[in-house]
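Student: What follows is a predicted structure for the sequence shown.
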Amino acid sequence: MSGDRRGWRVCLLGGAVFAVCMTGTTLPTPLYPLYQEKFDFSELTVTVVYAVYAFAVIGVLLLAGNASDAVGRRPVLLWGLGCAAASGVCFLCATGLGWLYAGRLLSGLSAGLFTGAATAYVMESAPPGAGTRATLVATAVNMGGLGCGPLLAGLLAQYAAWPLYLPFAVHLALVACSVAVLLRLPETVGRRRPLGTVRPQRPGVPSQVRPVFGAAAAASFVGFALFGVFTSVSPAFLAQSLDVTDRAVGGTVVALAFFTSTGGQLAVGRVGVRRSLPLGCAGLLAGLALLAGALHWELLTLVVLSAVVGGFGQGLAFRGALSAVGGASPADRRAAVISSLFVVAYAGISVPVIGVGLLSRPMGLEGAGFVFIACMGALVVSAAGYLLRHPVATDA
């Protein structure tokens, strides 16, 4: 019993460190309009600054996603916290646009290093036989941390002094505490190898996985694209179209999408993988429809509902996609296949968001939003139609 308590203690402390790192990746979300005023740049620039993060995550996943298997979890997590701290320093020192690009790049590096290593650490440190609960802990702290970023920054920016500095100073203090905690936690990789043995991972999709991978990847792409739009341009839409300039409100709306995604992922255990993917696609489609209504009628209530419904659908679809793709993959190719799914998902955060930025100048933010909704809606309807005709073969 004491061993179980110690295992859960390590698991939860590792999860707390994971949450702190992911909080930093979404911290700038409600602050983008303030940076626009300070440095005088367009919506396109906002989306590019945001997308730099996703490109950095993809690069790390491909080049060093398996580094913690060789050198150990703790060293990689310490590197990730170092990148998170350096990102915060860039935002604190920002005197021009270049600092924002550097901050987002470093933030992406931290997330890329943490995504695999921290998930593995949380699962490995849990007591024997608690794999399912440990997976739920990893899911909750990941998405919960992403949700805490805009919530924390929005509250501090609205109700405290120095809105462009205090959120990052608070996060740096949390990172310092996380380093102190991590240094006291045990390593979970028993046999370590030199860093030179790490080789880039080659994403791949074996033939037996392709029937489910296409639809799963499409649903993941749409879900992450919806998150990308919420975390990059929704503060500007709230301010310009709804006259909502309260940073706390903007941060809370974005946070709701991430928090309800956690709820959607938890629900997969009840509804099963076979049903979670098409149900997740339905939730995403409903979220897109509510977002279209919010753009047309300019109603804050519909924006909130879009975040809640779309976030829940994203959670259902993404965890269902991971389970279905992982279950269909041969053991010796599973990591490569899951890496491929993450690459597609993070492409969803970046490519459509940049498209919205490009279209916002000639069409306006609302017009660009409608084009985005139409394209993502067509994609998710195609994925849902395929899944209804060819349901995934397992509920495992």
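Tutor: Now that the structure is in, tell me what you want to look at. Source: prediction; values computed, not measured. Residues are numbered from 1 along each chain as shown.

Student: Now stretch 337-354: buried residues?
Tutor: Neighbour-count burial for stretch 337-354, counted by 16 or more other C-beta atoms under 10 Å, picks out 337-350, 352-354. The C-beta positions use only the backbone N, C-alpha and C, and glycine is treated the same way.

Student: Repeat that for stretch 150-169.
Tutor: In stretch 150-169, counting by 16+ other C-beta under 10 Å, buried: 150-158, 163-164, 166-168.

Student: per-residue confidence averaged over it?
Tutor: Confidence for stretch 150-169, expressed as mean pLDDT, is 97.

Student: what's the spacing between the helix or strand of the chain with the lowest mean pLDDT and its chain's center?
Tutor: Ranking every helix and strand in the chain by mean pLDDT, DSSP states H and E puts helix 67-71 at the bottom, with a mean of 88. Taking C-alpha atoms, centre = their mean, to the nearest Å, one finds helix 67-71 lying 22 Å from the centre of the chain it belongs to.

Student: circling back to that earlier point, so which of the buried residues of stretch 337-354 are in helices?
Tutor: Among the buried residues of stretch 337-354, the members falling in helices (DSSP state H) are 337-350, 352-354.

Student: and the spatially closest residue to D246 that is not a sequence neighbour, how far is that from L31?
Tutor: Leaving aside its sequence neighbours, D246 sits nearest to Q158 (C-beta to C-beta, 6 or more residues apart in numbering; 5.8 Å). Separation of Q158 from L31 (C-beta to C-beta, to the nearest Å): 11 Å.

Student: what's the overlap in contacts for the two?
Tutor: A shared contact of Q158 and L31, defined by C-beta atoms under 8 Å, 6 or more residues apart in numbering, is any residue touching both; here these are R247.

Student: Local confidence estimate at T394?
Tutor: T394 is assigned a predicted lDDT (pLDDT) of 53.

Student: and what of A239?
Tutor: pLDDT, the model's per-residue confidence, is 90 for A239.

Student: for it, what are its contacts?
Tutor: With contacts defined as C-beta under 8 Å, 6+ apart, A239 is in contact with P33, T245, G250.

Student: Let's see which of those end up in helices.
Tutor: Among the contacts of A239, the ones falling in helices (DSSP H) are P33, G250.

Student: and the contacts of A239, which are buried?
Tutor: For the contacts of A239, buried by 16+ other C-beta under 10 Å: P33, G250.

Student: so can I have JSON lines of the contacts of A239 showing distance to L13 and pLDDT?
Tutor: As requested, the contacts of A239 are arranged in JSON lines below (distance: C-beta to C-beta, whole Å; pLDDT from 0 to 100):
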{"residue": "P33", "distance to L13": "36", "pLDDT": "93"}
{"residue": "T245", "distance to L13": "38", "pLDDT": "91"}
{"residue": "G250", "distance to L13": "31", "pLDDT": "94"}
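
Student: Can you tell me which of the contacts of A239 comes closest to T119?
Tutor: When those are compared for distance to T119, the smallest value, 29.0 Å, is given by G250; criterion: C-beta to C-beta.

Student: how near is the closest one to V303?
Tutor: With distances defined as C-beta to C-beta, the gap from G250 to V303 amounts to 10 Å.

Student: intersection of neighbour lists for these two?
Tutor: With C-beta under 8 Å, 6+ apart as the test, G250 and V303 both reach S234, L238.

Student: Can you give me the end-to-end span of stretch 21-32?
Tutor: Across stretch 21-32, the terminal residues are separated by 20 Å (C-alpha to C-alpha, to the nearest Å).

Student: Format the contacts of A239 as TSV; extra columns: distance to L185.
Tutor: TSV is the format used below for these (distance: C-beta to C-beta, whole Å):
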residue	distance to L185
P33	39
T245	42
G250	35
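
Student: show me where the stretch 201-350 of the chain has helices.
Tutor: Ranges of helices within the stretch 201-350 of the chain are 210-232, 234-240, 247-271, 273-297, 300-328, 334-389, based on DSSP state H, counting those that start in this stretch.

Student: Let me know which of those is the nearest to G15.
Tutor: For the helices of the stretch 201-350 of the chain, distance to G15 was read as C-beta to C-beta. The smallest value, 12.5 Å, belongs to helix 247-271.

Student: quick one, that closest one and helix 273-297 angle?
Tutor: Regarding helix 247-271 and helix 273-297, their directions subtend 150 degrees when assessed with axes from the mean of the first three to the mean of the last three C-alpha atoms, to 10 degrees.

Student: on contacts alone, who are the packing partners of helix 247-271?
Tutor: Packing partners of helix 247-271 (3 or more C-beta pairs under 8 Å, 6 or more residues apart in numbering; DSSP states H and E): helix 131-159, helix 210-232, helix 234-240, helix 273-297, helix 300-328.

Student: Let me know the angle separating the fourth one from helix 334-389.
Tutor: The directions of helix 273-297 and helix 334-389 differ by 70 degrees, with the same axes, to 10 degrees as the criterion.

Student: helices and strands around helix 273-297, which ones?
Tutor: If contacts are counted by 3+ C-beta pairs under 8 Å, 6+ apart, helix 273-297 sits against helix 210-232, helix 247-271, helix 300-328, helix 334-389.

Student: give me the low-pLDDT residue ranges for the chain?
Tutor: Residues of the chain meeting the criterion pLDDT under 70: 1-3, 331-332, 335, 393-396.

Student: If we use 50, what do you get?
Tutor: Residue ranges of the chain with pLDDT under 50: 1, 395-396.

Student: List the buried residues of stretch 84-99.
Tutor: Buried residues in stretch 84-99, defined by neighbour count with 16+ other C-beta under 10 Å: A84, A85, A86, S87, G88, V89, C90, F91, L92, A94, L97, W99.

Student: what's the first-to-last distance across it?
Tutor: Taking C-alpha to C-alpha as the criterion, the two ends of stretch 84-99 lie 14 Å apart.

Student: How far away from the center of its chain is it?
Tutor: Relative to the chain's own centre, stretch 84-99 is displaced by 21 Å; criterion: C-alpha atoms, centre = their mean.

Student: So which elements touch the least confident helix or strand of the chain?
Tutor: In this structure, helix 67-71 makes packing contacts with helix 73-92, helix 97-125, judged by 3+ C-beta pairs under 8 Å, 6+ apart.
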